[in-house]
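Chemist: With the input below, show me the fold.
(one chain, ligands or ions: 3)
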Amino acid sequence: MYILDIDTKQPYRVYIGTMLLEQTGTLTREACGGDRAVIVTDTNVGPLYALPVRKSLEEAGYAVDVFTFEAGEEHKRADTYVSILEFMARHEMTRSDVVIALGGGVTGDMAGFAAATYMRGCSFVQVPTSLLAMVDSSVGGKCAIDLAAGKNLAGAFWQPKLVIADIGCLATLEREQFADGCGEVIKHAAIADADLFEELERTPLTLDLLMEDVSRVALLVARNIDIKRAVVVADERESSVRKLLNFGHSIGHAVEASESYRLGHGTCVAIGMNLIASASAHRGYCDAEVPSRIRSLTAAHGLQNTCSRNVEEIYAAALHDKKRRGDSIDLVIPHAIGACSIEPTDLEEFRSIISEGLEMQEGDIAC
Ligand SMILES: NC(=O)c1ccc[n+]([C@@H]2O[C@H](COP(=O)([O-])OP(=O)(O)OC[C@H]3O[C@@H](n4cnc5c(N)ncnc54)[C@H](O)[C@@H]3O)[C@@H](O)[C@H]2O)c1
Ligand SMILES: O=C(O)C(=O)C[C@@H](O)[C@H](O)[C@H](O)COP(=O)(O)O
Ligand SMILES: [Zn+2]
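Modeler: Ligands and ions are numbered 1, 2, ... in the order given. All right, here's what the predicted structure looks like:
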């Protein structure tokens, strides 16, 4: 088992290993206290894992209720979020009680936002079950829901008090969902860890690897959380370096929204990284090797690299990006594998970058 301490203003611990769901109760008791727990989960994850989590919480003395919502990004929205709050109130949750987010990033983001706002804030535990949620969304405290205008437009920074990543849960993911999580793994390697990038080039992270070598996958999850930890601890509220974690996202989120959430988040991040890397090489900000290696690695992980949206569709959707300030947007630009920078970019130039990226990618397989 790996234990990582996240030393944000409110510090917390991340446990990574197997057979951890059964320890949710004791770990939550230690980290949070409280009398009641509401497990928030979705229609795919609930039937698989809510029972052992519930049992463990009850054995630790919690009165437990389960809120289940329809799985999918299209449900990460205001009406589901309000239903969670109403459920918590109906079950007489108090400020000292605990919200348990059991599921992927959609569950974690939405349950986290409910915990951040219910009675102006209550305890919150992340129990990530998707690869994406384990390596990225369960750590760092960003929580949000989508609005009609775009991704994550209403949210908060609200750190969990505990994260429990039970690697065993990954075995029930569909191949496509596992691959989707690899989009964020490749992002972490591309912004901060050239060695990890090379390692993934030699041996891609796949569901097959999970079956062959669980401990290697656990180590890779821990390494990813470690990368994220360093950035988040340095800049909890995203005023500087945390923007690096948004590599590929200004375009990725825009593709995600303009595709009506038909494509997974990690896939869209991969499309965004490929596009911005291609444009960066075209402009001489990095060698052609950078987009070429990102393209090969995303493809080797089963991720699509290009999309059929045009420049105007992507640009219009990207104007809602939270890194935009007036006529400028902070873009994450790659210079080498493992080295990126944050560059304030005029919006007209941003449009040209999208256009160049799309042109450079012509000839690749379109989605
Ligand atoms: N807060 C952050 O820092 C952060 C970081 C990255 C992504 N995100 C957000 O996370 C979301 C994407 O996360 P996601 O890909 O986990 O989406 P998700 O929660 O929709 O999970 C993907 C699919 O996998 C299913 N699933 C999850 N775990 C499973 C398991 N163990 N077995 C079987 N099925 C399982 C879910 O039901 C869903 O159908 C997006 O909304 C994105 O914006 C947030
Ligand atoms: O934790 C962060 O910071 C990130 O940017 C991680 C991203 O992978 C994640 O998708 C995040 O939710 C995007 O944040 P947003 O501020 O662009 O909504
Ligand atoms: Zn992301």
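Chemist: which helix in the protein runs the most residues?
Modeler: The longest helix of the chain (DSSP state H) is helix 214-234.
Chemist: how about that helix: buried residues?
Modeler: 214, 217-218, 220-229, 231-233 (16 or more other CB atoms under 10 Å). Yep, even glycine has a C-beta here, placed from its N, CA and C like the rest.
Chemist: Check which element follows it along the chain.
Modeler: Going down the chain from helix 214-234, the next helix or strand is helix 249-258, by DSSP states H and E.
Chemist: That following helix near ligand 1 at all?
Modeler: No: Helix 249-258 stays clear of ligand 1 (CB under 6 Å from any ligand atom), getting no nearer than 7.7 Å.
Chemist: Past that helix, which element shows up next along the chain?
Modeler: Following helix 249-258 in sequence order, the next helix or strand is helix 265-282 (DSSP H and E).
Chemist: In terms of secondary structure, what does that following helix contact?
Modeler: Packing partners of helix 265-282 (3 or more CB pairs under 8 Å, 6 or more residues apart in numbering; DSSP states H and E): helix 175-192, helix 249-258, helix 289-300, strand 328-336, helix 347-361.
Chemist: looking at those, which is buried most?
Modeler: helix 249-258 (a mean of 26; mean count of other CB atoms under 10 Å).
Chemist: Contacts made by the helix or strand hosting Leu85 with the rest, please.
Modeler: Assigned by DSSP H and E, Leu85 falls within helix 78-90. The contact list for helix 78-90 (CB atoms under 8 Å, 6 or more residues apart in numbering) reads 38, 40, 65, 67, 69-70, 99, 110-111, 113-114, 117-118, 145, 147, 154.
Chemist: Ligand 2 contacts on this protein?
Modeler: Proximity of the chain to ligand 2 (CB under 6 Å from any ligand atom) is limited to residues Asp136, Gly140, Lys142, Ala144, Asn152, Glu184, Glu238, Arg242, Leu245, Asn246, His249, Lys322.
Chemist: picking that back up, in helices, which of the contacts of helix 78-90 appear?
Modeler: Using DSSP H, the subset of these located in helices is Met110, Ala111, Phe113, Ala114, Thr117.
Chemist: from those residues, which is closest to ligand 1?
Modeler: When these are compared for distance to ligand 1 (CB to the nearest ligand atom), Met110 wins out at 8.4 Å.
Chemist: Show me what the host helix or strand of Thr345 pairs with in its sheet, parallel or antiparallel.
Modeler: Using DSSP H and E, Thr345 sits in strand 339-346. Looking at strand 339-346 with DSSP bridges, its partner strands are strand 328-336 (antiparallel).
Chemist: quick one, what contacts the residue nearest the centre of the chain?
Modeler: Centroid-nearest residue in the chain: Ser137, 3.4 Å away (criterion: CA atoms, centre = their mean). The contact partners of Ser137, by CB under 8 Å, 6+ apart, come to Gly104, Gly105, Gly108, Asp109, Pro128.
Chemist: mind redoing it with 6 Å?
Modeler: By CB atoms under 6 Å, 6 or more residues apart in numbering, the contact list for Ser137 reads Gly105, Gly108.
Chemist: Retrieve the pLDDT associated with it.
Modeler: According to the per-residue confidence, Ser137 scores 98 in pLDDT.
Chemist: Equivalent analysis for the one 5 residues further on, please.
Modeler: We have a pLDDT of 98 for Lys142.
Chemist: show me where pLDDT drops low in the protein?
Modeler: Low-confidence segments of the chain (pLDDT under 70): 363-367.
Chemist: How far away from the center of its chain is the strand holding Thr345?
Modeler: Relative to its chain's centre, strand 339-346 lies at 21 Å (CA atoms, centre = their mean, to the nearest Å).
Chemist: Only the buried residues of it, if you could.
Modeler: For strand 339-346, by 16+ other CB under 10 Å, it's Cys340, Ile342, Thr345.
Chemist: Brilliant, that's me finished.
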